[in-house]
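>>> quick check, what structure comes out for this input:
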Amino acid sequence: MSEPTLITGGVLRKIPLPLPDEGGDKEARGRVLVVGGGRETPGAAVLAGTAALRAGAGKLQVATGASNAALVASALPEARVFALPETRAGKLSKAACAKLEEHLSKAQCVLLGPGLIEDESVARFVEATLRMCVEVPVVLDAGAVACLGGGGRNLLHALEGRAVVTPNADELELIYGGETAGVGGDRLAAARRAADEFRAVVVLKGRETFIASPGGSAYVNRAGSVGLATSGSGDVLAGVIAGLVARGAEAAHAAAWGVYLHALAGERLSRRVGLLGFLARELPAEIPPLMSELSGG
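The predicted structure follows:
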């Protein structure tokens, strides 16, 4: 099987991002719906939503538990925030899916998972949500990724390659129940296996990040810095990818652009702030100038 393509600026310029018409409005740049944010992690939805807008999405909606909604809305004045019904224990209730369904079809990308802590109730919610997303591209992150174990591996088949899954090595191992064939020492092979089984683009995060599509084609990213290994960084990456998908980029191209933009943002902050200690919330502001430079603007 062919070696993965190393992501560089030159490679990305051969798969340019969709650009809106001069007279286009925010609707032309697509709508992202972020679904996530638990009681203990409402900031994950904020980071992801901010990153989606910085990647150029025209509109942002956030669906989060009722106990988080006011906080998320105040932190994201650019977004429309929907409060999903919760149980007394703070879990999303069965009614949450019904509340969410009316908004899914209006989005150009659904980002599912930031801030969701995987447990049985979240797994049920994620599965039910994915079954309602047949016509909408999806990016899965954090707690939503863990729900792909066992029979959940088939949940994305109906999307026919229009989904992006963003696990790290540990999360992918959990999906495969600890099988050595899940990741083992060959992370590229593991990403390709998962892409074929999920029928989705898989972004296997790490110091080297592999992006695999169903059928075997792959990219590898070696840019970035150790400072990116910080709380909330993955939420930002997922948000950037979702914003690019909403703009009309193909799933694999959005993943390649998103991973490289995220990596270069980390490099810039490392030079300006220091190798360690910059915050995930600082990454999104680096994305627009980097996009412009890589696009030749």
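
>>> can you give me the helices in the stretch 51-200 of the chain?
The residue ranges that make up the helices of the stretch 51-200 of the chain, judged by DSSP state H, counting those that start in this stretch, are 69-75, 95-104, 120-131, 169-175, 187-198.

>>> take those and lay them out in CSV including distance to Leu156 and mean pLDDT.
C-betas here are computed from N, CA, C, even on glycine. Compiled in CSV, these are given as follows (distance: least, C-beta to C-beta, whole Å; pLDDT from 0 to 100):
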stretch, distance to Leu156, mean pLDDT
helix 69-75, 26, 97
helix 95-104, 15, 88
helix 120-131, 7, 88
helix 169-175, 12, 91
helix 187-198, 5, 95
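
>>> for the ones you listed, which one sits closest to Leu294?
helix 187-198 (23.3 Å; C-beta to C-beta).

>>> what are the buried residues along that closest one?
When burial is assessed from 16 or more other C-beta atoms under 10 Å, helix 187-198 yields the following buried residues: 187-195, 197-198.

>>> closest to Ala79 out of the residues you listed?
Closest to Ala79, out of all of the buried residues of helix 187-198 and judged by C-beta to C-beta, is Phe198, at 28.6 Å.

>>> contacts only, for the closest one.
Contacts here follow C-beta atoms under 8 Å, 6 or more residues apart in numbering; on that basis Phe198 touches 148, 153, 156-157, 163, 165, 214.

>>> from the buried residues of helix 187-198, which single one is nearest Ala45?
For the buried residues of helix 187-198, the residue nearest Ala45 by C-beta to C-beta is Phe198; the value is 23.6 Å.

>>> from Asn154, how far off is that closest one?
Separation of Phe198 from Asn154 (C-beta to C-beta, to the nearest Å) stands at 8 Å.

>>> one more: Cys109?
Cys109 is 21 Å from Asn154, by C-beta to C-beta.

>>> I'd assumed Arg54 was in contact with Ile287.
Yes: with the criterion set as C-beta atoms under 8 Å, Ile287 and Arg54 qualify as a contacting pair; they are 4.3 Å apart.

>>> so for the two, which residue has more residues nearby?
Taking Ile287 and Arg54 together and counting by other C-beta atoms under 10 Å, Ile287 has the greater number of neighbours (26 against 22).

>>> could you list the low-pLDDT ranges of the stretch 151-297 of the chain?
Across the stretch 151-297 of the chain, the ranges flagged by pLDDT under 70 are 178-184, 297.
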